[in-house]
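In: Structure of the sequence below:
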Amino acid sequence: MTFAELEEQIKKRKTRRKIFLEKMDPLIPWAQLEKKRGQYHPVKATGRPDDPLPTMLRIHYMQPPDLAVRGGLAPNLGT
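Out: A predicted model of the protein is given here:
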């Protein structure tokens, strides 16, 4: 057990991020997404190792939408 894991167990109050992720885990089929995307996830033999696929999926699906990009694309969709 790492120091960070031990410290997290001692905490009495959960962060908003932790509560949000606990609510989202049952809603999103992570295992199915990992199975479908696993074949496309790069595997390198040398160099800096890539982040694990479950981590990358959570980062991608849990990030808030970029409203600047969305706003820039929306006017062009109607033409």
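In: Could you tell me which residues make contact with the residue nearest the centre of the chain?
Out: Closest residue to the average C-alpha location of the chain: R58 at 1.5 Å, with Cα atoms, centre = their mean. Under the criterion of Cβ atoms under 8 Å, 6 or more residues apart in numbering, the neighbours of R58 are L21, W30. The way it works is simple: take the backbone N, C-alpha and C, and place the C-beta from them, glycine included.
In: Buried ones in stretch 42-53, by neighbour count?
Out: For stretch 42-53, the neighbour count (16 or more other Cβ atoms under 10 Å) marks L53 as buried.
In: quick one: the residue nearest to the centre of the chain from F3, how far?
Out: 23 Å (Cβ to Cβ, to the nearest Å).
In: again, but for Y61
Out: Taken as Cβ to Cβ, the span from Y61 to F3 is 29 Å.
In: now do V43
Out: Taking Cβ to Cβ, one finds V43 at 30 Å from F3.
In: now swap in Q39 and tell me
Out: 36 Å.
In: quick one: stretch 48-66 to chain centroid distance?
Out: Its chain's C-alpha centre and that of stretch 48-66 lie 4 Å apart, by Cα atoms, centre = their mean, to the nearest Å.
In: Which residue, neighbours along the chain excluded, lies closest to M62?
Out: M24 (6.8 Å; Cβ to Cβ, 6 or more residues apart in numbering).
In: so what's the one you found scoring on pLDDT?
Out: For M24, the model assigns a pLDDT of 85.
In: about what we covered before: and the residue nearest to the centre of the chain, what are its phi and psi?
Out: phi -70, psi -40 (degrees, to the nearest 10).
In: what's the distance between it and K11?
Out: 21 Å.
In: Repeat that for Y40.
Out: 37 Å.
In: now do H41
Out: 32 Å.
In: burial measure for G38, as a count.
Out: Neighbours of G38 under the rule other Cβ atoms under 10 Å: 12.
In: Which residue, neighbours along the chain excluded, lies closest to it?
Out: Per Cβ to Cβ, 6+ apart, closest to G38 is L53, 5.9 Å.
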